[in-house]
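fold the following.
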Amino acid sequence: MKTGIVYSDKYLKHFLGRNHPEKPERLEQIIKDLRGSKSLLKKIQIVEPSPADQEEIELAHDKSYVEKIKKLSKSGQMLDLDTPINSDTFDLALLAAGGTASMGRSIVEGEKKNGFALIRPPGHHATRTSGGGFCYFNNIAITTRKLLKDYGLSKILIFDYDAHHGNGTQDIFYSEEKVLYLSLHQDGRTLYPGTGFPDELGEGDGEGYTVNVPFPPSSNDENYIAALREFLIPLSKQFNPDFIMVSLGFDSHREDPLTNLEISTDGFEVLAESVIAQAKRLCDGKIGFVLEGGYAVEASADSALRTIGALTTQSPPDLPEGKPLPVFEKVKDLLSPYWEL
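Just a heads-up that it's a prediction; the model follows:
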């Protein structure tokens, strides 16, 4: 089986303004470089997506919010200052959600061994009732809900290592025990959306199933590798998911203009290799990546190709040593009633 890459040229139509960082070029460069790699093209299949229907969107969003986006798309009003809307927005947001869902389906049904949804617009800031941060519908949450509902899966791990905390994904699953949400992100005191602190642990049935590891500015590869050892590996082993979904933003890259982290292209490859290795150990390799942020065009494209390379590799290398941060101990202390870390 091959790795499925969900992509459509229609995603390039999503245009928010000449100076907006979430621009078509960030995806255009990835697909251009991918099509120029003969070695990767032999191991992947590019899949044209179909749009989600409104019923699927409502798996993760209130109907009134979906209707609001449809109405704003017709009128061309802004959702907020960072998140413009135009006449194409609603349809393209449906296409992004549909592309992500088709990736999940193809992996669960055994058509693809794993996948990467190269989609726009991104989604992890969209809550059940609101959008923002360049996001309209929460692509990864919609697919996660669909996999749980339609394919009999009982547990899904969402691993989010976009530099910005995925407040929308957290909001949607905050009270649920079937989804473990693990986010590695820049500290919310220094970056949008200002959430994702260690004491945000979930509530009700979901208490303990939200794990936030905030990184101070200038955190680097060694710090993230340590987090893989101290959080991703033991938590995923104890949770033992049926499927792993990854919200992947390349805005943690040292060249990104919007953030203050220091992850290298090599670091992104290690991150991908590590979570793919966990999927192979725990859920027969069932893992799907979903594009979120990343605004340094060349650096993001290079990191995306490394990630796709990791998806097509049979045996990932051993995880190198890392350098823990002081905040890790606080996170582990808060999680001690729920997990052994």
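
from memory Cys135 sits against Ala126, does it?
Yes - the pair formed by Cys135 and Ala126 meets the contact definition of Cβ atoms under 8 Å, at 4.3 Å. Backbone N, C-alpha and C define where each C-beta goes, glycine included.

which one of those two is surrounded by more residues?
Applying other Cβ atoms under 10 Å to Cys135 and Ala126 shows that Ala126 carries more neighbours, namely 35 against 29.

show me where this protein has strands.
Using DSSP state E, the strands assigned to the chain run over residues 3-6, 44-47, 114-117, 156-160, 179-186, 210-215, 243-248, 287-291.

any idea which of those strands gets closest to Lys330?
Judged by Cβ to Cβ, the one of these that comes nearest to Lys330 is strand 210-215, at 9.6 Å.

need the winner for burial among the strands of the chain.
Using mean count of other Cβ atoms under 10 Å, the stretch among the strands of the chain with the greatest mean number of neighbours is strand 287-291 (a mean of 30).

now the angle from that strand to strand 156-160?
With axes from the mean of the first three to the mean of the last three Cα atoms, to 10 degrees defining the directions, strand 287-291 sits at 40 degrees from strand 156-160.

for strand 287-291, packing partners?
Contacts of strand 287-291 with other secondary structure elements, assessed using 3 or more Cβ pairs under 8 Å, 6 or more residues apart in numbering; DSSP states H and E, are made with helix 89-108, strand 114-117, helix 139-150, strand 243-248, helix 265-282, helix 297-311.

alpha carbons only: can I get that strand in CSV?
The C-alpha trace of strand 287-291 is given here as CSV (Å, rounded to 0.1, in the frame of the first residue of the first chain):
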residue,chain,number,x,y,z
ILE,A,287,-1.9,7.5,11.2
GLY,A,288,-3.0,10.6,9.3
PHE,A,289,-1.3,14.0,9.3
VAL,A,290,-3.3,17.2,8.6
LEU,A,291,-1.7,20.5,7.6
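
which residue is nearest the middle of this structure?
In the chain, the C-alpha closest to the average C-alpha coordinate belongs to Ser247, at a distance of 0.9 Å (Cα atoms, centre = their mean).

Provide a list of residues in contact with the nearest residue in space to that residue that is not next to it in sequence.
If you skip the residues right next to it in sequence, Ser247 has Asp160 as its closest partner in space, 3.8 Å away by Cβ to Cβ, 6 or more residues apart in numbering. For Asp160, the residues meeting the contact criterion (Cβ atoms under 8 Å, 6 or more residues apart in numbering) are His124, Gly166, Thr169, Tyr181, Leu182, Ser183, Leu184, His185, Val246, Ser247, Gly249, Glu292.

residues in contact with the last one?
The neighbourhood of Glu292, defined by Cβ under 8 Å, 6+ apart, consists of Pro122, Gly123, His124, Asp160, Asp162, Gly166, Ser247, Leu248, Gly249, Asp251.

got the confidence number for the nearest residue to the first one once chain neighbours are set aside?
Spatial nearest neighbour of Pro122, chain neighbours left out: Glu292 (4.5 Å); criterion: Cβ to Cβ, 6+ apart. Per-residue confidence at Glu292 stands at 98 (pLDDT).

ok, Glu292 to Tyr338 distance?
To Tyr338, Glu292 is 26 Å away according to Cβ to Cβ, to the nearest Å.

do the same with Arg281
Noted for Arg281: a distance of 21 Å to Tyr338, by Cβ to Cβ.

next, the contact list for the closest residue in space to Pro21 that isn't next to it in sequence, please.
Counting by Cβ to Cβ, 6+ apart, the nearest residue to Pro21 once its immediate chain neighbours are dropped is Tyr295, at 4.3 Å. Under the criterion of Cβ under 8 Å, 6+ apart, the neighbours of Tyr295 are Pro21, Glu22, Arg26, Asp251, Asp256, Pro257, Leu258.

can you check Asn223 too?
With contact taken as Cβ under 8 Å, 6+ apart, Asn223 is in contact with Phe215, Gly322, Lys323, Pro324, Leu325.
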